[in-house]
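# Need a 3D model of the following:
(one chain, ligands or ions: 1)
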Amino acid sequence: MQIAVLGAGSMGHGIAQVSAMGGHDVVLRDIEDNLVAEGIEGIQQNLTAGVERDKVTESEMEATLNRLSGTTNLADAVSDADLVVEAVPEDMDIKQDVFQDVEASAPKDAIIASNTSSLSVTEMASVLERPGRTIGLHFFNPPHIMDLVEVIIAEQTTGETEARAIEYVESIEKEDVVVRDTAGFATSRLGLALGLEAIRMVEQGVAKPSDIDAAMRKGYGYPMGPIELGDHVGLDVRLHIAEYLREELGERFKPPQALRRKVRAGKLGKKTGEGYYVWEDGEKVGMSGEWGEGNE
Ligand SMILES: NC(=O)c1ccc[n+]([C@@H]2O[C@H](COP(=O)([O-])OP(=O)(O)OC[C@H]3O[C@@H](n4cnc5c(N)ncnc54)[C@H](O)[C@@H]3O)[C@@H](O)[C@H]2O)c1
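Numbering: from 1, shown residues only. Predicted structure coming up:
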């Protein structure tokens with residue numbers, strides 16, 4: 001397949017990498033040359049690390065890089081594409097603009113996919129003249145490590161688009177789950193339900209964060225506890241998604257006051273050095289001193 005990936009940021013460069021590793025020809029597009037270059041550099045670094053760890057051979061690395069190119073020109077990126085995956089910022093207006101621009105330059109039967117983690121793919125598709133070719137392909141961070149792709153079926157998605165998209169997911173050796181386009185899809189909705197309840201439990205003094213996390217790791221076999229996961233994702237991101245799910249799905253997603261307080265204090269988790277845990281150089285070094293403070 002000929003694939004265009006739009007946006008060379010955290011997700012886009014990873015999606016370009018796994019697509020090229022799956023044998024596809026890939027053009028990576030961002031709005032500035034240095035962003036495209038950084039994306040390609042990120043791919044080179046991932047592959048080099050893969051070679052060092054014997055996960056990737058030298059010749060696979062070379063072949064992958066040979067299948068990749070970068071551009072800032074949208075028409076150049078999509079004009080021959082069978083599949084376009086957008087990974088531009090999480091903003092409906094930006095995504096709809098990108099969708100329309102893609103439709104103007106891409107072949108008529110190209111699939112137009114969004115890597116959105118929360119927005120309605122149906123709403124994105126609504127601005128297209130041929131919306132049946134739209135689908136969500138929700139990759140997880142980092143795409144070269146995480147095996148799952150949630151395939152989001154918009155109201156307009158045709159059966160053919162769904163089948164071709166699943167074929168692509170299989171070609172890059174990822175696991176697909178097919179989800180109807182609803183708020184939070186499957187992953188964010190369930191993950192957040194657990195994460196918010198865990199924060200409420202800390203707030204009510206049921207247990208400290210590290211014990212709640214250990215309970216889920218050791219008792220239920222989760223690779224990471226729900227509080228620690230929140231620190232990884234960013235507590236601001238969690239709050240934002242909770243507000244959206246509350247609006248769409250009801251009061252059970254009401255964000256706890258404790259979560260708002262953390263965000264107001266700039267304690268957003270790993271990226272700011274403190275959330276429910278304290279982080280140094282990306283490593284968890286202790287717990288934030290204020291767990292259990294204040295009740296809603
Ligand atoms: N970061 C995550 O963990 C994660 C996980 C799953 C899904 N997502 C989703 O992936 C998408 C991208 O997120 P990200 O974290 O990679 O963002 P990011 O900010 O790291 O990257 C976005 C990139 O898009 C570029 N861009 C902006 N407008 C553009 C345009 N018109 N055409 C091409 N590029 C454009 C920006 O310059 C930037 O480099 C969002 O929809 C997000 O919700 C993110």
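# Can you give me the neighbour number for the residue in the stretch 101-250 of the chain that the ligand sits nearest to?
The shortest separation between the stretch 101-250 of the chain and the ligand is 3.3 Å, found at Asn141 (distances taken as C-beta to the nearest ligand atom). All C-beta atoms are positioned from the backbone trio N, CA, C, and that covers glycine. Other residues near Asn141 number 13, with proximity taken as other C-beta atoms under 10 Å.
# go on, Asp109?
Asp109 sits with 11 neighbouring residues when counted by other C-beta under 10 Å.
# Could you do Gln156 as well?
19.
# For the nearest residue to it once chain neighbours are set aside, list the residues it contacts.
Closest residue in space to Gln156, ignoring its immediate chain neighbours: Pro131 at 3.9 Å, by C-beta to C-beta, 6 or more residues apart in numbering. Neighbouring residues of Pro131 by C-beta atoms under 8 Å, 6 or more residues apart in numbering: Ala125, Ala154, Gln156.
# can you pull the pLDDT of the first one?
Ala125 is assigned 98 on the pLDDT scale.
# which parts of this structure sit against the ligand?
Residues of the chain lying near the ligand by C-beta under 6 Å from any ligand atom: 6-12, 29-31, 35, 87-90, 94, 98, 115-117, 139-141.
# Quick check: ChimeraX command selecting the buried ones in these.
In ChimeraX, the members of those classed as buried (16 or more other C-beta atoms under 10 Å) are selected with the following command:
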select :6,7,8,11,12,29,30,35,87,88,90,98,115,116,117,139,140
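# Which members of the residues of the chain next to the ligand are positioned in strands?
When strands are assigned by DSSP state E, the members of the residues of the chain next to the ligand inside them are Leu6, Arg29, Phe139.
# thought the first one was touching Leu83?
So the one you mean is Leu6. No: with contact taken as C-beta atoms under 8 Å, Leu6 and Leu83 are classed as non-touching, separated by 11.4 Å.
# which one of the contacts of Pro131 sits closest to Gly273?
Distance ranking of these against Gly273, using C-beta to C-beta, places Ala154 first at 38.8 Å.
# ok, now which ones touch the closest one?
Ala154 makes contact with Ser120, Val121, Thr122, Met124, Ala125, Pro131, Thr134, Ile135, Gly136, Asp181, according to C-beta under 8 Å, 6+ apart.
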